[in-house]
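Asker: quick one, what's the 3D model for this:
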Amino acid sequence: MLSIPRFTGSVERVANRGRPRRGAPIAFDPDHGLRFLRFGTMIVTYDRIPGAMQVAYIQQGTPEFRKASFGLFIGAWVTFTILYCIQPLLPAFSQHFQVSPAVSSLSLSVTTAALAVGMLFMASLSHRYGPKRIMTISVLSSSALVLISAWVQDFASLLVVRTMQGIALAGLPSIAMGYLGEEVEPKSLGYAMGLYIAGNTVGGMSGRILTGMISDWLSWRWALGFLGALGVLLGVVFWWILPAARNFQPRRVDAPLSRRLWQALSVYARHLRDPGLVCLFCIGFLLMGGFVALYNYIGYQLMAPPYRLSQTAVGWLFIVYTVGTFSSAWMGKVADRRGRRLTLWIGTVTMVLGALMTLPEALVWKVLGLAVFTFGFFASHSTASGWVGRRASSHKAEASSLYLLFYYIGSSVGGFVGGLFWSGFAWRGVIAMILAFTVLAMGLHLRLSRLTGTVAAAKPRGGTV
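Answerer: Predicted structure coming up:
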């Protein structure tokens, strides 16, 4: 563990070119300022204050660091496995419960919608009860609900359980990054955060593959039962190995609930009055809606004639998610060098190309189209989400929360609407809906580019872009 005292000192911002500019002496709170120590472009020099409060950070190479990193990898894996495990099961739900594809997709849509709303409130609970407690309850309760969902007798009950799962799942993704930022030493934060993000991606991908394989061999009930039992087991491991938050201080809130709620709503309303942020929120909504629609209904087409793929084969299609992991990192570097405007154009145009590639009947074109579309989506999503933090001049966490709210609501809406197009116009109808969503996102991007150009012209020495 690394103990760093409260301090006063100075800050140097290191530009890509030119000489560093030394800032004036300022005071830092260890819960906020110190996390930027030697991280990114911020260099902090500090002076000790005798008798100051100590802050203990987890250092890389220690057992605590390995436990924290691996623990959050496990938590992320369980969370996103549970969230998306039913996507390859939608055709099975349609057959078993005798519901349309659009109605079957609600089993995913209600979960993502509940997750989006729940994430707005879970961070406040962690401030009061501690991050480890809330995250552990999230992992264990959501896993237990998967076990319950494996034995429901009607589709309405499945939707109720999946809605409860969405609320329970919100506990980990809304808190995990903040936990790492407060507990891990700043110079090792990037590595720990990378492991957490890897858990998100691997969990979302492997959950779909596992349910596809097990449901093909046994049934969808056995698939959900297996993942639920595995989630409970891993939840216990998560609780056992994750270090308690040493820098956590329970917040005592004296203001009445109505006043705190009004303050929170006023912050969100301020962001919604920024037309640039609204464009970014709606871009996330549209792109995620198209992405979920593509993966929701590709299984219906490929399990029907002339393809007749097995549930296992459809599940393995999600291996193309690895392309998205690569594109997020690579296109992030392109955005840093060439700008977010160009990167977002590249991402959305690539999505259009990938969607069109799935129209020919040859199976190889559909798989290649999925890969190209996935590359473009993750490039666009990572660019837009990063642009939100750059655009917001204050209350950046709340701006990011609003982006995620629109993002997951888009998943819910796009997943359901795509089912209506599938029922009415088959695969070409789904692609038409996705192209319409993507073209609308391009229009919003054009509007955003004009807004940022106006801001840059008004503030030649800085501003939000």
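Asker: show me what contacts residue 415?
Answerer: Residue 415 sits next to 105, 108, 109, 112, 289, 292, 293, 296 when contact means C-beta atoms under 8 Å, 6 or more residues apart in numbering. Just so you know, the C-beta spots here come from the backbone N, C-alpha and C atoms, and that holds for glycine as well.
Asker: give me the nearest residue to residue 289, chain neighbours excluded.
Answerer: Spatial nearest neighbour of residue 289, chain neighbours left out: residue 414 (2.3 Å); criterion: C-beta to C-beta, 6 or more residues apart in numbering.
Asker: next one: residue 426
Answerer: Spatial nearest neighbour of residue 426, excluding adjacent residues (C-beta to C-beta, 6+ apart): residue 301 at 7.7 Å.
Asker: quick one: buried residues of whatever helix or strand the one you found lives in?
Answerer: Using DSSP states H and E, residue 301 maps to helix 275-302. By 16 or more other C-beta atoms under 10 Å, the buried positions in helix 275-302 come out as 276-302.
Asker: and residue 280, how far is that from residue 399?
Answerer: 9 Å (C-beta to C-beta, to the nearest Å).
Asker: what do those two both touch?
Answerer: When C-beta under 8 Å, 6+ apart defines a contact, the residues bordering residue 280 and residue 399 alike are 388, 391.
Asker: what's stretch 165-179 in contact with?
Answerer: So stretch 165-179 is contacted by 72, 75-76, 79, 82-83, 110-119, 121-123, 125-126, 131-132, 134-135, 137-139, 141-142, 145-146, 149, 193, 196, 200, 245, 401 (C-beta under 8 Å, 6+ apart).
Asker: same check on stretch 139-157?
Answerer: 75, 78-79, 82, 85, 93, 97, 99, 103, 107, 158, 161-162, 164-165, 168-169, 171-172, 221-225, 227-232, 234-236, 238-239.
Asker: for stretch 314-332, same thing?
Answerer: Here stretch 314-332 makes contact (C-beta under 8 Å, 6+ apart) with 87-88, 198, 201, 204-205, 208-213, 216, 295, 298-299, 302-303, 343, 346-347, 367, 370-371, 374-379, 381-383, 386.
Asker: quick check: ChimeraX command selecting the buried ones in those.
Answerer: A single ChimeraX command selects the buried members of the contacts of stretch 314-332 (16+ other C-beta under 10 Å):
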select :87,88,201,204,205,208,209,210,211,212,213,216,295,298,299,302,303,343,346,347,367,370,371,374,375,376,377,378,379,381,382,383,386
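Asker: inside helices: which ones of the contacts of stretch 314-332?
Answerer: The helices, defined by DSSP state H, take in 198, 201, 204-205, 208-213, 216, 295, 298-299, 302, 343, 346-347, 367, 370-371, 374-379, 381-383, 386 from the contacts of stretch 314-332.
Asker: mind giving me the domain split of the chain?
Answerer: With domains defined by automatic domain parsing, the chain comprises 2-57, 59-245, 262-465.
Asker: adding mean pLDDT, write those domains out as JSON lines.
Answerer: What follows is the domains of the chain, written out as JSON lines (pLDDT from 0 to 100):
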{"stretch": "domain 2-57", "mean pLDDT": "38"}
{"stretch": "domain 59-245", "mean pLDDT": "85"}
{"stretch": "domain 262-465", "mean pLDDT": "83"}
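Asker: quick one, longest helix in the protein?
Answerer: Max-length helix for the chain by DSSP H is helix 396-458.
Asker: now do that one and helix 275-302, the angle between them.
Answerer: Between the axes of helix 396-458 and helix 275-302, defined by axes from the mean of the first three to the mean of the last three C-alpha atoms, to 10 degrees, the angle is 120 degrees.
Asker: which residue packs closest to residue 83, ignoring adjacent ones?
Answerer: Per C-beta to C-beta, 6+ apart, closest to residue 83 is residue 169, 5.8 Å.
Asker: burial count for the one you found?
Answerer: Residue 169 has 28 neighbours, counted by other C-beta atoms under 10 Å.
Asker: give the helix, strand or coil label for the spatially closest residue to residue 246 that is not a sequence neighbour.
Answerer: Excluding the flanking residues, the one nearest residue 246 by C-beta to C-beta, 6+ apart is residue 56, at 4.8 Å. Following DSSP: H, G, I helix; E, B strand; the rest coil, the label given to residue 56 is strand.
Asker: okay, and the beta partners of residue 56?
Answerer: Listed beta-bridge partners, residue 56: residue 3 (assigned using DSSP bridges).
Asker: mind listing the helices for the stretch 1-150 of the chain?
Answerer: All helices of the stretch 1-150 of the chain, identified by DSSP state H, counting those that start in this stretch, fall at 63-84, 90-97, 101-104, 106-129, 131-149.
Asker: including mean neighbour count and distance to residue 325, could those go into CSV?
Answerer: What follows is those, written out as CSV (neighbours: other C-beta atoms under 10 Å; distance: least, C-beta to C-beta, whole Å):
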stretch, mean neighbour count, distance to residue 325
helix 63-84, 23, 13
helix 90-97, 19, 24
helix 101-104, 22, 28
helix 106-129, 20, 20
helix 131-149, 22, 22
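Asker: for residue 451, find the nearest of these.
Answerer: Among the helices of the stretch 1-150 of the chain, the nearest to residue 451 by C-beta to C-beta is helix 106-129 (25.2 Å).
Asker: which ones are touching residue 114?
Answerer: 163, 164, 165, 166, 167, 170.
Asker: and it, how far from residue 317?
Answerer: To residue 317, residue 114 is 26 Å away according to C-beta to C-beta.
Asker: with residue 233 instead?
Answerer: According to C-beta to C-beta, residue 233 stands 28 Å off from residue 317.
Asker: could you do residue 85 as well?
Answerer: 15 Å.
Asker: how about the nearest residue to residue 118, chain neighbours excluded?
Answerer: Residue 118 sits nearest to residue 170 (C-beta to C-beta, 6+ apart), 3.0 Å away.
Asker: and that neighbour, how far from residue 299?
Answerer: Residue 170 is 26 Å from residue 299, by C-beta to C-beta.
Asker: do the same with residue 375
Answerer: 20 Å.
Asker: and residue 102, what is it in contact with?
Answerer: Contacts of residue 102 by C-beta under 8 Å, 6+ apart are 416, 417, 418, 419, 420, 422, 423.
Asker: what about the first one, how many residues nearby?
Answerer: Okay, so that is residue 416. Residue 416: 23 neighbours (other C-beta under 10 Å).
Asker: and the helix holding residue 301, how far out from the chain's middle?
Answerer: 13 Å (C-alpha atoms, centre = their mean, to the nearest Å).
Asker: what's the angle from that helix to helix 63-84?
Answerer: Going by the same axes, to 10 degrees, helix 275-302 makes 60 degrees with helix 63-84.
Asker: taking helix 90-97 as reference, get the angle to helix 275-302.
Answerer: Inter-element angle recorded for helix 275-302 and helix 90-97: 60 degrees (by the same axes, to 10 degrees).
Asker: show me what helix 275-302 is packed up against.
Answerer: Other elements packing on helix 275-302 under the criterion 3 or more C-beta pairs under 8 Å, 6 or more residues apart in numbering; DSSP states H and E are helix 90-97, helix 101-104, helix 106-129, helix 311-316, helix 340-357, helix 363-391, helix 396-458.
Asker: distance from the second one to the middle of the chain?
Answerer: Going back to what we said before, that points to helix 101-104. Distance, centroid of helix 101-104 to centroid of chain: 24 Å (C-alpha atoms, centre = their mean).
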